[in-house]
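Undergrad: need a structure here:
(one chain, ligands or ions: 2)
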Amino acid sequence: MIRVMDNPAAADDLLTDTNTLRQQVDRIVASTPVIDMHTHVFPPEFGSICLFGIDDLLNYHYLIAETFRSTNISYAGFWKLSKTERADLIWKTLFVENTPLSEAGRGIVSVLDAFGLDARAPNLKEARAFFKSRKLPDHLDRVLEIARVSEIVMTNDPFHESEGHTWKNGGFRNARFHASLRLDTLLNDWPDAARTLAHQGLPVNAGFGGNTASELRRFLDNWISIMQPLYLAVSLPADFKFPNDDARDRLIREVVLPAAKEHGLALTLMVGARRGVNPALRAAGDGVGKADVTALERLCAENPEVRFLATFLSRENQHELCVAARKFSNLMPFGCWWFLNNPSIVSEITRERFELLGPSFIPQHSDARVLEQLVYKWAHARQQIADALSDSYEQLLKSGRAVARAEIERDVTRMFSGNFRGWVGLKTVGARIEAVS
Ligand code: RAT
Ligand code: ZN
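TA: Ligands and ions are numbered 1, 2, ... in the order given. Sure, this is the predicted structure:
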């Protein structure tokens with residue numbers, strides 16, 4: 001029985017009809033601006049690594065891996081092609097000769113549809129002409145508007161030369177973009193990183209001799225002041241252990257955690273990638289492995305003053321991650337990462353998280369690499385989040401508690417931006433995006 005009179009102020013607004021409830025949830029989830037807290041998208045100031053348009057969209061490593069399943073081209077033959085030729089081959093293989101049933105394939109269809117382009121076109125002539133005609137700053141605004149993304153967090157690795165030029169020339173000015181300081185080269189490729197730094201004149205060595213740890217702190221401090229990142233981040237292999245008897249453990253304890261504490265920066269861990277399972281596929285050649293969530297629990301337990309954001313790549317780790325988050329309030333689960341970013345799995349994980357964590361998690365990040373991917377990644381994720389949320393509210397209604405529209409808005413805003421804002425201490429409000437009616 002629904003006791004509407006217990007809260008007279010909200011009684012008029014209570015959604016006791018399930019159809020109306022679902023319509024409201026759909027509308028609010030579709031229109032609430034989101035902070036995309038992990039992407040590989042860059043603003044135009046970053047030059048050639050700011051990817052956009054049909055050729056970059058089709059050269060996405062998700063689609064490259066799928067193309068090899070439906071053609072006989074050799075890896076070497078494929079990589080010899082130009083970007084345009086690869087896009088033509090991917091289009092022909094996945095969209096003309098086959099039906100684009102996969103999530104990455106459907107994503108291209110959603111993007112083309114959003115811009116009024118023909119997803120059944122025999123070639124890329126029309127799509128190329130369209131994207132060529134777009135002025136990048138206006139196009140960026142339009143994409144963010146369609147995707148209802150208010151702010152974007154980039155992935156910025158100080159060892160990546162492609163970014164160096166922009167940072168050396170004063171960085172970027174687009175207030176909707178934020179940096180995150182990525183530590184993959186430092187933590188996963190330590191001998192190489194040590195060599196590169198020594199080459200740059202930093203007195204560090206792979207054996208941690210001399211003042212290596214304090215020099216690395218200086219290196220991080222310097223990049224923190226240049227990038228002003230919202231968090232420090234690293235992707236970790238499926239066999240990541242903590243504690244462990246390796247260089248990564250020392251770097252985490254002696255360099256990364258002290259830097260996080262001193263600068264008040266959250267540490268983002270993305271666990272479960274198995275890099276280079278098939279190196280011939282290049283960026284498309286990484287796999288997935290089940291990781292040990294107890295490593296994350298120990299990090300959270302030993303460092304209560306550090307806020308951790310965590311996502312796991314294996315479906316098998318999702319339940320353990322939820323349980324870990326119930327134990328540690330300095331742990332924020334986020335996103336359905338990479339191979340998990342498929343509607344059926346997003347639905348499953350989001351429902352599991354509602355049941356175990358209520359609204360105290362970040363449901364999704366896009367991981368977009370190409371600007372227009374924001375359009376499909378967010379449209380598709382929003383559909384699953386809205387369905388899962390509607391079902392949760394409906395169950396609540398059946399148990400005797402209706403929700404009001406304002407409460408739905410509060411919950412969705414919390415999950416789409418509030419949890420992240422609070423976690424990383426982000427106060428500025430990005431460009432306001434009007435809600436659709
Ligand atoms: O999801 C992806 O596109 C992967 O290629 C990786 O970039 C992953 O997201 C990462 O950040 O390491
Ligand atoms: Zn990523």
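
Undergrad: so who does the nearest residue to Leu15 once chain neighbours are set aside touch?
TA: For Leu15, ignoring the flanking residues on the chain, the nearest one in space by CB to CB, 6 or more residues apart in numbering is Leu21 at 4.2 Å. Using the backbone N, CA and C atoms, a C-beta is placed for each residue, glycine as well. Leu21 sits next to Leu15, Ser390, Tyr393, Glu394, Leu397, Val403 when contact means CB atoms under 8 Å, 6 or more residues apart in numbering.

Undergrad: quickly find the element holding Leu21.
TA: Assigned by DSSP states H and E, Leu21 belongs to helix 18-31.

Undergrad: and that helix, what's buried?
TA: Leu21, Arg22, Gln24, Val25, Asp26, Arg27, Ile28, Val29, Ala30, Ser31 (16 or more other CB atoms under 10 Å).

Undergrad: one more: stretch 86-104?
TA: Across stretch 86-104, burial judged by 16+ other CB under 10 Å covers 86-95, 98, 100, 102-104.

Undergrad: which phi and psi does Arg274 have?
TA: Arg274 adopts backbone torsions of phi -110, psi 100, taken as degrees, to the nearest 10.

Undergrad: oh, I was asking about Asp118
TA: Dihedral angles for Asp118 - degrees, to the nearest 10 - are phi -80, psi 110.

Undergrad: can you pull the residues of the stretch 301-437 of the chain lying near ligand 1?
TA: The interface of the stretch 301-437 of the chain toward ligand 1, taken as CB under 6 Å from any ligand atom, is made up of Trp338, Asp367, Arg369.

Undergrad: among the residues you listed, which one lies nearest to Ser360?
TA: Each of these was checked against Ser360 using CB to CB; the closest is Asp367, at 21.8 Å.

Undergrad: quick check, that closest one in contact with Trp337.
TA: Yes - with contact defined as CB atoms under 8 Å, Asp367 reaches Trp337; the gap is 6.7 Å.

Undergrad: quickly find the element holding Ile108.
TA: Assigned by DSSP H and E, Ile108 falls in helix 103-114.

Undergrad: show residues contacting that helix.
TA: By CB under 8 Å, 6+ apart, helix 103-114 touches 57-58, 60, 62-63, 66, 94-95, 100, 118-119, 127, 146, 341-343, 372-373, 375-377, 379-380.

Undergrad: sec struct for Leu57, please.
TA: helix (DSSP: H, G, I helix; E, B strand; the rest coil).

Undergrad: quick check: it touching Val370?
TA: Yes - judged on CB under 8 Å, Leu57 makes contact with Val370 at a distance of 5.1 Å.

Undergrad: who has more neighbours, the two?
TA: Ranked by neighbour count (other CB atoms under 10 Å), Leu57 and Val370 place Leu57 first, with 25 against 21.

Undergrad: can you verify Leu140 is assigned to a helix?
TA: Yes - counting by three-state DSSP, Leu140 is found in a helix.

Undergrad: kindly tell me how buried it is, as a neighbour count.
TA: Leu140 has 22 nearby residues by other CB under 10 Å.

Undergrad: next one: Phe131
TA: Phe131: 19 neighbours (other CB under 10 Å).

Undergrad: what helix or strand is it on?
TA: helix 125-133.

Undergrad: buried set for that helix?
TA: Ala127, Phe130, Phe131.

Undergrad: report the angle between that helix and helix 103-114.
TA: Per axes from the mean of the first three to the mean of the last three CA atoms, to 10 degrees, the angle that helix 125-133 makes with helix 103-114 is 70 degrees.

Undergrad: got a list of contacts for helix 125-133?
TA: By CB under 8 Å, 6+ apart, helix 125-133 touches Phe52, Gly53, Ile54, Asp55, Leu112, Phe115, Leu117, Asp118, Ala121, His139.

Undergrad: which one of these is nearest to ligand 1?
TA: Phe52 (16.1 Å; CB to the nearest ligand atom).

Undergrad: what's the closest non-adjacent residue to the closest one?
TA: Nearest to Phe52 is Leu371, by CB to CB, 6+ apart, at 4.0 Å.

Undergrad: list the contacts for the one you found?
TA: Val41, Cys50, Leu51, Phe52, His139, Leu140, Val143.

Undergrad: from ligand 1, how far off is Ile362?
TA: 15 Å (CB to the nearest ligand atom, to the nearest Å).

Undergrad: that residue: neighbour count?
TA: Ile362: 24 neighbours (other CB under 10 Å).

Undergrad: distance of the closest residue to it other than its chain neighbours from ligand 1?
TA: Excluding its sequence neighbours, the residue lying closest to Ile362 (CB to CB, 6+ apart) is Phe334, at 3.8 Å. Phe334 sits 12 Å away from ligand 1, going by CB to the nearest ligand atom.

Undergrad: Ala238 now?
TA: 13 Å.

Undergrad: hmm, that residue is touching Val293, no?
TA: No - the criterion here is CB under 8 Å, and Ala238 misses it with Val293 at 11.4 Å.

Undergrad: overlap in contacts, the two.
TA: By CB under 8 Å, 6+ apart, no residue touches both Ala238 and Val293.

Undergrad: where do the helices sit along the stretch 51-200 of the chain?
TA: With helices called from DSSP state H, counting those that start in this stretch, the stretch 51-200 of the chain shows them at 54-58, 61-67, 75-80, 83-90, 103-114, 125-133, 136-147, 161-168, 184-188, 190-199.

Undergrad: which stretch among those comes nearest ligand 1?
TA: For ligand 1, the closest of those is helix 61-67, at 6.1 Å, according to CB to the nearest ligand atom.
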